[in-house]
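Peer 1: Show me the folded form of this:
(one chain, ligands or ions: 1)
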Amino acid sequence: MKAVRIVKPEQLELIEVEKPVINEKDNVLIRMTAAGICGSDVGIYHGTNAAATYPRIIGHEIVGVVDQVGPNVQNLKVGDRVIVNQVTSCGECYPCRKGRGNVCDHLAVRGVHIDGGYREFIAVPESDCYILPDQLSDVDAVMIEPTTIAIQSCTRAQLEQEDMLLLYGAGALGSSILRIARQMCSHIIVADIMDDKLAEAKAAGAKYTINTQKEDFLEKVLEYTHGRGTTVSIDAACVKDSLLNLLKATGNAGRVITMGFSTAPTEVNQFLITSKELDVRGSRLQNKMFGKAIEMIHAGTLNLSGSVSHTFPLTKAQEAFDFLDTRDPSIRKIVLTFDF
Ligand code: MN
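Peer 2: Modelled structure (predicted):
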């Protein structure tokens with residue numbers, strides 16, 4: 001069967017590999033139908049993702065159809081359309097015992113630390129599969145994964161109706177978070193450097209927007225928060241000055257959520273955190289959020305259609321990654337398909 005592997009940074013190859021066989025642990029064989037390309041996949045390709053190891057069959061937004069089931073499978077049957085959990089954890093370490101398998105001491109993320117979904121078949125435990133709502137196409141279903149990341153950040157932020165939220169960044173990550181956040185609170189400020197992204201954010205439910213290149217960021221945050229600063233700030237831009245800006249923008253007793261993967265040092269000062277007694281929290285991957293995202297789709301509160309802008313067959317993955325590098329403004333989510 002065909003697979004796409006990143007051999008080392010900047011080297012992508014289309015290869016033939018053995019079709020996986022199911023066993024006691026990986027007891028469901030999935031025939032892939034759609035796999036999203038995420039910013040973190042682009043990072044693995046370009047060698048800027050600190051978590052990745054090489055060579056790697058990447059792809060962590062994994063949608064397919066159950067093709068074969070092992071003898072111990074309880075709930076799934078051949079033909080079920082599913083999305084596969086990207087996180088695998090040991091279940092025994094300190095974070096796992098605390099119910100936080102997404103930061104397991106032995107964390108293995110599909111497509112990052114172990115092989116992922118850019119291949120025709122993948123064998124996984126039944127418990128890692130989530131059945132897709134009927135009304136959602138396989139290509140659109142890829143968006144469930146980024147949605148789980150968004151739900152995780154809003155959960156880590158303990159977002160509530162009375163919060164005044166700053167979303168720093170209106171790109172792919174920021175727009176996914178906005179879609180979830182607006183269901184939890186209405187006072188949302190979105191900051192970015194691109195006017196068209198800010199216009200989209202406004203249309204998607206942001207109450208205020210700030211263009212940080214044209215406007216005084218802090219002055220505007222204070223203006224939009226009755227002079228006190230936000231109660232929650234989430235970094236969906238993950239750039240060098242993000243953290244310092246968010247610490248300044250957040251008011252007393254607030255929460256600041258980081259999501260970046262950069263290892264470059266960034267300057268902050270303790271007084272901003274201590275004096276306001278801020279909670280600065282990381283948000284990584286997602287912790288049991290697939291079921292929540294799918295529930296929201298069934299309830300009609302989450303609509304994922306329209307987010308995918310382009311599809312390429314797996315065999316043209318190189319073209320897809322090259323196209324992403326052009327940063328063409330028409331690009332939203334790009335999905336690899338398996339009908340070649
Ligand atoms: Mn992703």
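
Peer 1: longest helix in the protein, by residue count?
Peer 2: Looking across the chain with DSSP state H, the single longest helix is helix 144-156.

Peer 1: Which SSE is immediately downstream of it?
Peer 2: strand 164-168 (DSSP states H and E).

Peer 1: Could you list the paired strands of that next one along with their orientation?
Peer 2: Based on DSSP bridges, the pairing partners of strand 164-168 within the sheet are strand 187-192 (parallel), strand 230-235 (parallel).

Peer 1: what residues does the helix or strand just after the last one touch?
Peer 2: Read that as strand 230-235. Following the chain from strand 230-235 toward its C-terminal end, the next helix or strand by DSSP H and E is helix 242-249. Contacts of helix 242-249 from elsewhere in the structure, counted by CB atoms under 8 Å, 6 or more residues apart in numbering, are 166, 168-169, 217-218, 221, 229-230, 233, 235, 256, 258, 260, 266-268, 272-273, 278, 280. No exception for glycine: its C-beta is placed from N, CA and C like everyone else's.

Peer 1: Specify the angle between the helix or strand following helix 242-249 and strand 164-168 in degrees.
Peer 2: On the C-terminal side of helix 242-249, the nearest following helix or strand under DSSP H and E is strand 250-258. Orientation of strand 250-258 against strand 164-168 (axes from the mean of the first three to the mean of the last three CA atoms, to 10 degrees) gives an angle of 40 degrees.

Peer 1: that older thread, would you mind checking the contacts of helix 242-249 for buried ones?
Peer 2: Of the members of the contacts of helix 242-249, the ones counted as buried by neighbours, 16 or more other CB atoms under 10 Å, are 166, 168-169, 217, 221, 229-230, 233, 235, 256, 258, 260, 272, 278, 280.

Peer 1: and which of these is nearest residue 320?
Peer 2: Distances from residue 320 to those, taken as CB to CB, are shortest for residue 169 (23.2 Å).

Peer 1: Could you check the pLDDT of the closest one?
Peer 2: Turning to residue 169, the model gives it a pLDDT of 98.

Peer 1: Verify the stated contact: residue 1 with residue 19.
Peer 2: Yes. Using CB atoms under 8 Å, residue 1 is in contact with residue 19, at 4.8 Å.

Peer 1: hey, what's in contact with both of those two?
Peer 2: Common neighbours of residue 1 and residue 19 are listed as 120-121 (criterion: CB under 8 Å, 6+ apart).

Peer 1: hey, which of the strands paired with strand 164-168 is tucked in deepest?
Peer 2: Comparing the strands paired with strand 164-168 by mean neighbour count (mean count of other CB atoms under 10 Å), strand 230-235 comes out on top with a mean of 27.

Peer 1: what angle do that strand and helix 144-156 make?
Peer 2: Per the same axes, to 10 degrees, the angle that strand 230-235 makes with helix 144-156 is 150 degrees.

Peer 1: and strand 230-235, how far from the chain's centre?
Peer 2: Strand 230-235 sits 18 Å away from the centroid of its parent chain (CA atoms, centre = their mean, to the nearest Å).

Peer 1: swap in stretch 264-275?
Peer 2: Using CA atoms, centre = their mean, the offset of stretch 264-275 from its chain centre is 26 Å.

Peer 1: What of stretch 10-28?
Peer 2: Per CA atoms, centre = their mean, the displacement of stretch 10-28 from the mean C-alpha position of its chain is 23 Å.

Peer 1: Report the buried residues of it.
Peer 2: By 16+ other CB under 10 Å, the buried positions in stretch 10-28 come out as 12, 20, 22, 26-28.

Peer 1: and the least confident of those?
Peer 2: Checked by pLDDT, these have residue 26 as the lowest-scoring entry (92).

Peer 1: What sits closest to it if chain neighbours are left out?
Peer 2: Closest residue to residue 26 in three dimensions, ignoring its sequence neighbours and counting by CB to CB, 6 or more residues apart in numbering: residue 123, at 3.8 Å.

Peer 1: now the host helix or strand of that neighbour: mean pLDDT?
Peer 2: Under the criterion of DSSP H and E, residue 123 resides in strand 121-124. Strand 121-124 shows a mean pLDDT of 98 in the predicted model.

Peer 1: per-residue pLDDT, the closest residue to residue 100 other than its chain neighbours?
Peer 2: On the basis of CB to CB, 6+ apart, the spatially nearest residue to residue 100 that is not a chain neighbour turns out to be residue 287, at 5.9 Å. At residue 287 the predicted local confidence, pLDDT, stands at 98.

Peer 1: is it true that residue 287 touches residue 98?
Peer 2: No. In this structure, residue 287 is not within contact of residue 98 by CB under 8 Å, at 10.3 Å.

Peer 1: Compare those two (neighbour count), which wins?
Peer 2: residue 287 (19 against 9; other CB atoms under 10 Å).

Peer 1: give the contact list for that one.
Peer 2: Residues counted as contacts of residue 287 (CB under 8 Å, 6+ apart) are 87, 99-102, 152, 155.

Peer 1: With residue 189 instead?
Peer 2: Applying CB under 8 Å, 6+ apart as the definition, the contact partners of residue 189 turn out to be 164-167, 206-210, 220-221, 224-225, 230.

Peer 1: With residue 197 instead?
Peer 2: With contact set as CB under 8 Å, 6+ apart, residue 197 has these partners: 170-171, 174-175.
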